[in-house]
Every structure is written in structure tokens, then in C-alpha cells.
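Q: Have a look; sequence and predicted model below, questions after that.
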Amino acid sequence: AQSVTQLGSHVSVSEGALVLLRCNYSSSVPPYLFWYVQYPNQGLQLLLKYTSAATLVKGINGFEAEFKKSETSFHLTKPSAHMSDAAEYFCAVSERQGGKLIFGQGTELSVKP
Amino acid sequence: DAGVIQSPRHEVTEMGQEVTLRCKPISGHDYLFWYRQTMMRGLELLIYFNNNVPIDDSGMPEDRFSAKMPNASFSTLKIQPSEPRDSAVYFCASEGLAGDMNEQFFGPGTRLTVL
């Protein structure tokens, strides 16, 4: 069975600081991995996805994530946080295209001025 | 394309009443997913369809919940009778393998409150 664990339900950073949101997964098959962002009272928007191509994936809004099979991790990073990055972030795993997504519990990111 | 459309955006109802949530997926997408989001349980997949056929409904909490997809452009999630513990945000998402592979596009959600 697949699962996703996001370490830290709340992360707070200062504007301009590095953002690091942690995600570890469990999957019996090579996974597809995703990061979604949810702004208040909105649906989820895809930030980036890993589908067995390059292990370093670049997404929108300056975010990127690195797939590390040995660590079963897919951490999300951004070099410099912006106030507009404040939102909830979800890591998700899927076994295949068109398959169901299994989501982590989410990490709320706060950005202090 | 207008994206995934959900209606209503907000629904307040009383316990015991029937609730119907509606979703219009992105045109051309083959898959449609219904999710529920709560503080306690996070994001849960309820059911998903491929080419209008239900593939996995193992996440549907109980018989009070039912979902249909009569055609490629419309799906409903019905709760009858509704209970206060059904209060949540319900999201619909669609995915098309021919075009945007491996990306589920989410609607804005329906916030359901059962009193």
C-alpha cells in the first residue's frame, strides 16, 4: 500500500529565507510524486510532479523538489520565501497515470515579514 | 477551458436532508475523482471514474453516499440522509491522459455544512 508522510504540520520562515518542506513516501512500485499547493478557500493547484524522468524537478513559482529513491523522499524547496508563498502544501503519491492520489496530511507554510 | 466546475460552492443543510454536489470536468478528460477534505482526516479519495465507469469506490464512507457519472461532462455526489459529520469541503478533480498526463486538475470545492 502507498502512503505519504509530511514532516511538520506547520513551518514558519522569514521572507527571503529558504523554504524546506519534507515528504517521505512508501510505494511498492516506482511512484509518481506530486506537490500541490492550496491557498485559503481554493482548490489544489499542481506545483510540480515527478514521473520517472529527471530526479530534480522544477515547478512553478520557483519551487523545486528532488526525488531520492534511497531515502524515499521528495522534499520541496524554494531558495527565497515570498509572502505570497503562505499556503498549505500537500505531497501526494500515485502508482500510475490515471491512478488515485494518496495525499499527505499537509504542511501549512507561514512567511513572516 | 474554464477548468473543473463545481456547484454549489457552499451548501448549508439540516441533518437528514438530501444533498447533491455537482461537477463538470475539463472537456476531454478521461478520469474524474471525488475527494473530501476535513481537518481531522485531511484529503481523502471517495471514488473515481474512468470513461464514466466507477473504478474504485472503496473510499465512500457508507451507503448514504453515492456517486454517478451519466456522461463525460457531468458527475454528482449525493448524500442521503446527511449527518453533521459529513460537514467538509468536497473537491472534484479530472485528469486526461491524452493531454495533461499525470496531473489532476481540481475544482474550487463545495463547502458543505450539515446542521
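A: That came through fine. Numbering: from 1, shown residues only, chains lettered A, B, ... in the order given.
Q: residues contacting whichever residue of chain B sits closest to chain A?
A: Of all residues in chain B, the one sitting closest to chain A is B:F106 (3.7 Å; Cβ to the nearest Cβ). In short, each C-beta sits where N, CA and C put it, glycine included. Applying Cβ atoms under 8 Å, 6 or more residues apart in numbering or on different chains, one finds that B:F106 lies in contact with A:36, A:43-45, B:4, B:35, B:91-93.
Q: for A:P30, same thing?
A: Taking Cβ under 8 Å, 6+ apart, we find A:P30 in contact with A:S52.
Q: Okay, and the residue nearest the centre of chain A sits in which element?
A: Closest to where the C-alpha atoms of chain A average out (Cα atoms, centre = their mean) is A:W35, at 3.5 Å. Counting by DSSP states H and E, the secondary-structure element that holds A:W35 is strand A:32-38.
Q: How about the helix or strand following that strand, which residues are buried there?
A: From strand A:32-38 onward toward the C-terminus, using DSSP H and E, the following helix or strand is strand A:44-50. Counting neighbours by 16 or more other Cβ atoms under 10 Å in any protein chain shown, one finds that the buried residues in strand A:44-50 are A:44, A:46-50.
Q: Give the full set of residues in contact with the closest residue to A:E66 other than its chain neighbours.
A: Across the structure, with Cβ to Cβ, 6 or more residues apart in numbering or on different chains as the measure, the residue nearest A:E66 apart from its sequence neighbours is A:L56 (5.1 Å). With contacts defined as Cβ under 8 Å, 6+ apart, A:L56 is in contact with A:64-67.
Q: Give me every residue in chain A lying close to chain B.
A: By the rule Cβ under 8 Å from any Cβ of the partner chain, the part of chain A lying against chain B is A:32, A:34, A:36, A:42-46, A:49, A:51, A:90, A:94, A:97-98, A:100-106.
Q: Could you rerun that using 10 Å?
A: Contact residues (Cβ under 10 Å from any Cβ of the partner chain) of chain A with chain B: A:6, A:32-34, A:36, A:38, A:41-46, A:49-51, A:90, A:92, A:94, A:96-106.
Q: Please indicate which of these are buried?
A: Burial by neighbour count, 16+ other Cβ under 10 Å: within the residues of chain A next to chain B this picks out A:6, A:32-34, A:36, A:38, A:43-44, A:46, A:49-51, A:90, A:92, A:94, A:98-104, A:106.
Q: Can you name the residues that contact B:F65?
A: For B:F65, the contacting residues are B:19, B:34, B:36, B:46-47, B:57, B:59, B:77-80, B:82, B:86, taking Cβ atoms under 10 Å, 6 or more residues apart in numbering or on different chains as the criterion.
Q: just checking, A:N61 is part of a helix?
A: Yes - secondary structure assignment places A:N61 in a helix (DSSP: H, G, I helix; E, B strand; the rest coil).
Q: Was I right to think it contacts A:Y89?
A: No - at 11.2 Å, A:N61 and A:Y89 do not qualify as touching, with contact defined as Cβ atoms under 10 Å.
Q: of the two, who's got more company?
A: A:Y89 (23 against 13; other Cβ atoms under 10 Å in any protein chain shown).
Q: Relative to A:K100, how far out is A:F74?
A: In this view, A:F74 and A:K100 are 18 Å apart by Cβ to Cβ, to the nearest Å.
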